[in-house]
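Trainee: just a sequence and a predicted model for now, questions to come.
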Amino acid sequence: AEGTEMTEETVVTLAALKERVEAIFRKAGLNDTQATAISRVIIAGERDGCKSHGIYRIEGALRTVKAGKVKPDATPELFIEEGSAIVKVNAGGGFANAAFELGIAELAGRAVKLGLAAMVINDCTHFSALWPEVKALTERGLAGIVMCPSYATVAPTGGNKPLLGTNPFAFGWPRQGGSPYVFDFATSVAARGEIELHRRAGKQLPEGWAIDADGNPTTDPEAALAGAMLPFGGHKGSAIATMVELLAGIMIGDLTSPEVLDYLGTTTLAPFHGELILAFSPEAFAKGRPGDPFARAEVLFEAIVGQGARLPSQRRFAARRTSESEGVTLSAAEIQQLERLLDKGLDAVS
């Protein structure tokens, strides 16, 4: 019957999908450094069942390349000061992912040696989520906090116009022999991608997510995208978002969310700013005190789960296990979109 072919699903291995995504980015002019780093993050999103941060993001990345707002052939540069706990990477106008990959070993080495260290990424286009950065730290036995601004799409609590970014904030704690404790969330009630997905599906938004261009509450995704999103938890989320602007924008000498919007002139492109990554060695901090910090953390986690509560990211880790053994399921529309992007490159995006 007509139309049925669009509902068929295909199971793809992670390796095959990664190869295809890398090919799409190379066709669009990304060099190896950029293409492999960004593909890794997209595959991680699909693998973990995090659709809003998977292949859905390819088009936005290509649109940003086409608009000339990210350098597809950028080579990040690492700057290290002797004796400093701060590692700096200039992304050179490329995506943040390649810059992070360049600096992670140096950051981790310093955190182990000094107890804590920070990585500053400047002049980067932020792509997707922050949990890949956090995960890279927990894999090295470090706890970490990662944050970055975005572009002005969120009104401060009590305000009526976009000023703050969705300003994601992520944290990770390493667990021996298990998945790390990780959270990564926007400081807005919902990520912009979630509102976009509601718009595409023709669904209304829950109350309290957004205001329209006149500052009135709205549940219409179109009106929300033209207006402003709201911070989570009222003035608390608003304050945390402001902290992110200060630490991961102003303190590192990079753009704040309103400045990013001025630079891009639109919210349809990936945002250009900086990123702050803080790494901590639990052993170094706990040294000389009774008890093993990792064992003590497990007592806390067991108590949380023991009450029937869920640790964040558990759903993601379960999806990951399935994907790694069975592959990921893509719809016919998604397969068609990947083929179109591979065939047409930058001509596939407006």
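Mentor: Perfect, thanks for sending it.

Trainee: and Asp220, backbone torsions?
Mentor: Note on Asp220: backbone dihedrals following degrees, to the nearest 10 are phi -90, psi 120.

Trainee: residue contacts, it?
Mentor: 204-205, 212 (Cβ atoms under 8 Å, 6 or more residues apart in numbering). C-beta: built from backbone N, CA, C; applies to glycine.

Trainee: of these, select the buried ones using a ChimeraX command.
Mentor: To isolate the buried members of the contacts of Asp220 in ChimeraX, using 16 or more other Cβ atoms under 10 Å:
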select :205,212
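
Trainee: just send the contacts of Asp220 back as TSV, with secondary structure and distance to Met243 too.
Mentor: Output for the contacts of Asp220, formatted as TSV (DSSP: H, G, I helix; E, B strand; the rest coil; distance: Cβ to Cβ, whole Å):
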residue	secondary structure	distance to Met243
Gln204	coil	32
Leu205	coil	26
Asp212	coil	27
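
Trainee: how about TSV for the contacts of Asp220, with pLDDT and distance to Ala224 added?
Mentor: Shown next, in TSV, are the contacts of Asp220 (pLDDT from 0 to 100; distance: Cβ to Cβ, whole Å):
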residue	pLDDT	distance to Ala224
Gln204	96	10
Leu205	96	6
Asp212	95	7
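
Trainee: please enumerate the strands of the stretch 151-300 of the chain.
Mentor: 169-173, 181-185, 210-211, 217-218, 228-229, 272-280 (DSSP state E, counting those that start in this stretch).

Trainee: quick one: Ala67 from Ile211, how far?
Mentor: Note on Ala67: its distance to Ile211, by Cβ to Cβ, to the nearest Å, is 28 Å.

Trainee: got it, and Arg310?
Mentor: Taking Cβ to Cβ, one finds Arg310 at 31 Å from Ile211.

Trainee: of these two, which one has the most company?
Mentor: Ile211 (21 against 9; other Cβ atoms under 10 Å).

Trainee: wait, that one sits on Pro217?
Mentor: Yes: using Cβ atoms under 8 Å, Ile211 is in contact with Pro217, at 5.8 Å.

Trainee: to Ala155, which of the strands of the stretch 151-300 of the chain lies closest?
Mentor: Smallest distance to Ala155 across the strands of the stretch 151-300 of the chain (Cβ to Cβ): 4.0 Å, for strand 228-229.

Trainee: which residues are contacting that closest one?
Mentor: 153-155, 160-162, 166, 188-190, 192, 195, 209-211, 215.

Trainee: ok, and the most crowded of the residues you listed?
Mentor: Neighbour-wise, these (other Cβ under 10 Å) top out at Val154, 30 neighbours.

Trainee: for that one, give me its contacts.
Mentor: 162-167, 187-188, 228-231, 241, 257.

Trainee: go through these and name the one nearest Ala23.
Mentor: Looking across the contacts of Val154 and measuring by Cβ to Cβ, the closest to Ala23 is Thr166, at 30.2 Å.
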